[in-house]
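>>> Pasting a predicted model and its sequence here:
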Amino acid sequence: HLPNAVIALKQGVGRLIRDVDDHGVLAICDPRLFSKSYGRRFLGSLPPMPVTRDEEKAISFFVDVPGALADTGETA
């Protein structure tokens, strides 16, 4: 089951970022990613990207990246 889950996660990231101009946040709210040994397989399957456990850093992405909120019309 684990290989299927890794593949599904990788495919999901591919749908989030399709082009070099795309930006996005991948939020994985499962603590096992960091607390279990198999979490490294998940992280290792992802393309290079910043990883944080700091919610404020993830939220600041939407303020720091120009156009991150443009599609929704929302403001930070």
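Sure, I can see it. Numbering: from 1, shown residues only.
>>> Please enumerate the strands of this structure.
Assigned by DSSP state E, the strands in the chain number zero.
>>> tell me the contacts of R53?
Counting by Cβ atoms under 8 Å, 6 or more residues apart in numbering, R53 touches F34. The way it works is simple: take the backbone N, C-alpha and C, and place the C-beta from them, glycine included.
>>> if I look at it, how far off is F42?
14 Å (Cβ to Cβ, to the nearest Å).
>>> for L16, same thing?
Taking Cβ to Cβ, one finds L16 at 15 Å from F42.
>>> who has more neighbours, the two?
F42 (19 against 12; other Cβ atoms under 10 Å).
>>> in the chain, what spans have low per-residue confidence?
66-76 (pLDDT under 70).
>>> mind checking the longest helix of it?
Longest among the helix segments of the chain by residue count, using DSSP state H, is helix 2-16.
>>> Any buried residues in that helix, and which?
Under the neighbour-count criterion of 16 or more other Cβ atoms under 10 Å, helix 2-16 has 6, 9 buried.
>>> just the CA coordinates of that helix, formatted as PDB?
What follows is helix 2-16 as a C-alpha-only set of coordinates in PDB (Å, rounded to 0.1, in the frame of the first residue of the first chain):
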ATOM      1  CA  LEU A   2       2.900   2.400   0.700                       C
ATOM      2  CA  PRO A   3       4.200   2.500  -2.800                       C
ATOM      3  CA  ASN A   4       0.700   3.400  -4.100                       C
ATOM      4  CA  ALA A   5       0.400   6.200  -1.500                       C
ATOM      5  CA  VAL A   6       3.800   7.600  -2.600                       C
ATOM      6  CA  ILE A   7       2.800   7.500  -6.200                       C
ATOM      7  CA  ALA A   8      -0.500   9.200  -5.500                       C
ATOM      8  CA  LEU A   9       1.200  12.000  -3.500                       C
ATOM      9  CA  LYS A  10       3.700  12.500  -6.400                       C
ATOM     10  CA  GLN A  11       0.900  12.700  -8.900                       C
ATOM     11  CA  GLY A  12      -0.900  15.200  -6.700                       C
ATOM     12  CA  VAL A  13       2.100  17.400  -6.600                       C
ATOM     13  CA  GLY A  14       2.400  17.100 -10.400                       C
ATOM     14  CA  ARG A  15      -1.200  18.500 -10.700                       C
ATOM     15  CA  LEU A  16      -0.400  21.400  -8.400                       C
END
